[in-house]
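Q: Prediction below, plus the sequence it came from.
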Amino acid sequence: MLFAGMGPEGQQRLLAASAVLVGCGAIGAAVANLLVRAGVGRLRILDRDFVEPSNLQRQILFDEADAREALPKAVAAERKLRALNSEIAIEGVVADLNPGNIGELLSGFPLILDGTDNFETRFLMNDFAVQSGIPWIYAAAVASYGLSFVVRPGKTACLACLLESEGALGLEETCDTVGVLGPIVNLVASLEAGEALKLLSATESNLHGRLISCDVWSGHFQSVQPERNPKCRACGRREFSYLEGQAEPHITMCGRDSVQIHERGRTLDLPALEQRLSSTIPGVRQNGFLLRFRIAPYEMTVFCDGRAILKGTKDPAVARSLYAKYIGA
Ligand SMILES: [Zn+2]
């Protein structure tokens, strides 16, 4: 309240504001931490993954107990954030954002925050935001480098302007091939949260409108004002191909040496599945949110909605075959 840019009125507006965060890994967890402590009144957090020990080097909301229990990140984040600020509404949702559920999961929020780790989901968010006229904040980091930019439909460039045009600005590598440092993640999350506070406290005139990129290893910082592309597929021609969903593959690669199987519209009884699998497989575990077992050299994690992540292969056929054998076709 003492900060002139915010003031008591700005703080009141933050308390009345809401936002939805897509993805709660490294950047997402850091953004959520900042916004919840700042007193943003309502935050919905979507994430499809669970906590693993290798996340702890950079994902500041999680600890060793979360990794031991293999808690879904949305569940672990909700618990931590409630302990940080009990006066606001926090809702963790374990879900994989896709064209079929994006309307239901993102509607009603005046701001969408990027905490994802992949461009398929970012383009989906961009198409939804541009079509609905809702601002969203792009943020990404890999290795020691990262960037952030606020997309305001009709006013600024959108993600498709940036990445589908000549001389596109983007990230080629992924964290799964070259890793990512904790400091760049937190720096990019701070850039994202700073702009979010302006949008949510209704002081939009203070938005800097720039794409800021930085590298904590080389010390190289850059700030540019991207131009809109008048022929842009999304904000120019209004062709929202990512929302149409026919491009959604049944099986996608997610992360290093793993395959995700999408199974929508089915609900698994995890305790019953645990009982059934335990008769043939030792060490089957479930925690009410997900069930996990090992068939060496693979490890399968199955969520309540039927979605599964198979580690130890990049071959969708192997994943499909093990899924059919143990979970059911
Ligand atoms: Zn555009």
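A: Here it is on my side, so go on. What you see is a predicted model; the values in this text were computed from it and never measured.

Q: who touches stretch 186-206?
A: 5-6, 10-11, 13-14, 17, 19, 26-28, 30-31, 34-35, 38, 40, 58, 60, 110-111, 113-114, 135, 137, 139-141, 146-148, 150, 207-208, 212, 214, 216 (Cβ atoms under 8 Å, 6 or more residues apart in numbering). For the C-beta atoms, the positions are set from N, CA and C on the backbone; glycine is no exception.

Q: just checking, which of these belong to helices?
A: Among these, the ones falling in helices (DSSP state H) are Gly10, Gln11, Arg13, Leu14, Ala26, Ile27, Gly28, Ala30, Val31, Leu34, Leu35, Ala38.

Q: can you put the residues you listed in TSV and add distance to the ion?
A: Listed next are the ones in helices among the contacts of stretch 186-206 as TSV, based on distance: Cβ to the ion, whole Å:
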residue	distance to the ion
Gly10	30
Gln11	33
Arg13	28
Leu14	29
Ala26	27
Ile27	22
Gly28	24
Ala30	27
Val31	23
Leu34	28
Leu35	26
Ala38	29
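
Q: Give me the number of neighbouring residues for the closest residue to Cys304 other than its chain neighbours.
A: Nearest residue to Cys304, sequence neighbours excluded (Cβ to Cβ, 6 or more residues apart in numbering): Leu268, at 5.7 Å. Look at Leu268: counted by other Cβ atoms under 10 Å, it has 20 neighbours.

Q: Surely Leu268 and Tyr326 touch.
A: No: using Cβ atoms under 8 Å, Leu268 is not in contact with Tyr326; the gap is 11.5 Å.

Q: I'd like the distance between Ala16 and the ion.
A: 30 Å (Cβ to the ion, to the nearest Å).

Q: Val188 too?
A: Val188 sits 21 Å away from the ion, going by Cβ to the ion.

Q: Out of the ones in helices among the contacts of stretch 186-206, grab the one that's most surrounded.
A: Most surrounded of those: other Cβ under 10 Å gives Ile27, at 33 neighbours.

Q: Now do the contacts for that one.
A: Asp114, Gly115, Ala139, Ala140, Ala141, Gly146, Val185, Val188, Ala189, Glu192.

Q: Can you report how many residues neighbour the closest residue to the ion within the stretch 1-150 of the chain?
A: Residue of the stretch 1-150 of the chain nearest the ion, by Cβ to the ion: Val130 (6.8 Å). By other Cβ under 10 Å, 26 other residues sit near Val130.

Q: isn't it right next to Gly236, touching?
A: No: judged on Cβ under 8 Å, Val130 makes no contact with Gly236 at a distance of 9.8 Å.

Q: Quick check: closest non-adjacent residue to Ile212.
A: Ser223 (5.0 Å).

Q: Surely the one you found forms part of a strand?
A: Yes: membership of Ser223 in a strand is supported by DSSP: H, G, I helix; E, B strand; the rest coil.

Q: for this structure, which spans come out with low pLDDT?
A: Residues of the chain meeting the criterion pLDDT under 70: 165-177, 246-251, 253-255, 264-265, 329.

Q: Farthest from the middle of it: give me that residue.
A: Relative to the centre of the chain, the most outlying C-alpha is that of Ser279, 36.4 Å out, by Cα atoms, centre = their mean.

Q: Look up how far Arg237 lies from Glu164.
A: Distance, Glu164 to Arg237, using Cβ to Cβ, to the nearest Å: 11 Å.

Q: Correction: the previous question concerned Val20.
A: 26 Å.

Q: OK, contacts around Ala141?
A: By Cβ under 8 Å, 6+ apart, the neighbours of Ala141 are Ala26, Ile27, Leu147, Cys175, Val180, Ile184, Val185, Val188.
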